[in-house]
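Peer 1: this is the structure alone, sequence omitted:
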């Protein structure tokens, strides 16, 4: 007697759009980060060259740092811990590499 394996139905998923290029963002760099509270941190570009780290969906209120900051130039993507504090790599002017974090409650 030959037995066949039964197929399980595919799982159903619901996706939430955090950000896309239909609004102010022109591109996204590297990989986003998500913590256990579903807070997403990502590096995005607005316009041609204005990079920023964002935690949330609104760039006007959720930007951590952007490339107009006179003290930093953004290097890599940020990561958020479960308390919502974000760390990121940057170059502190003049030309010093730094690991920085945002202010609690930002």
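Peer 2: The structure has been received and is ready for your questions. Model, not experiment: these values are computed from the prediction. Residues are numbered from 1 along each chain as shown.
Peer 1: just the strands in the chain please.
Peer 2: 25-34, 40-46, 50-55, 63-66, 72-74, 79-80, 86-92, 96-101 (DSSP state E).
Peer 1: in space, what's closest to residue 68 - neighbours in sequence excluded?
Peer 2: Using Cβ to Cβ, 6 or more residues apart in numbering and skipping residues adjacent in sequence, the residue nearest residue 68 is residue 50, 6.7 Å away. Placement of C-beta: from N, CA and C, glycine included.
Peer 1: same question, residue 70
Peer 2: residue 93 (7.1 Å).
Peer 1: and the strands of the chain as a markdown table, adding mean pLDDT?
Peer 2: Output for these, formatted as a markdown table (pLDDT from 0 to 100):
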| stretch | mean pLDDT |
| --- | --- |
| strand 25-34 | 84 |
| strand 40-46 | 86 |
| strand 50-55 | 82 |
| strand 63-66 | 82 |
| strand 72-74 | 76 |
| strand 79-80 | 82 |
| strand 86-92 | 79 |
| strand 96-101 | 73 |
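Peer 1: make CSV out of those strands and add distance to residue 9 and mean neighbour count.
Peer 2: As requested, those are exported to CSV (distance: least, Cβ to Cβ, whole Å; neighbours: other Cβ atoms under 10 Å):
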stretch, distance to residue 9, mean neighbour count
strand 25-34, 27, 14
strand 40-46, 29, 20
strand 50-55, 36, 21
strand 63-66, 41, 20
strand 72-74, 44, 17
strand 79-80, 34, 20
strand 86-92, 39, 17
strand 96-101, 44, 12
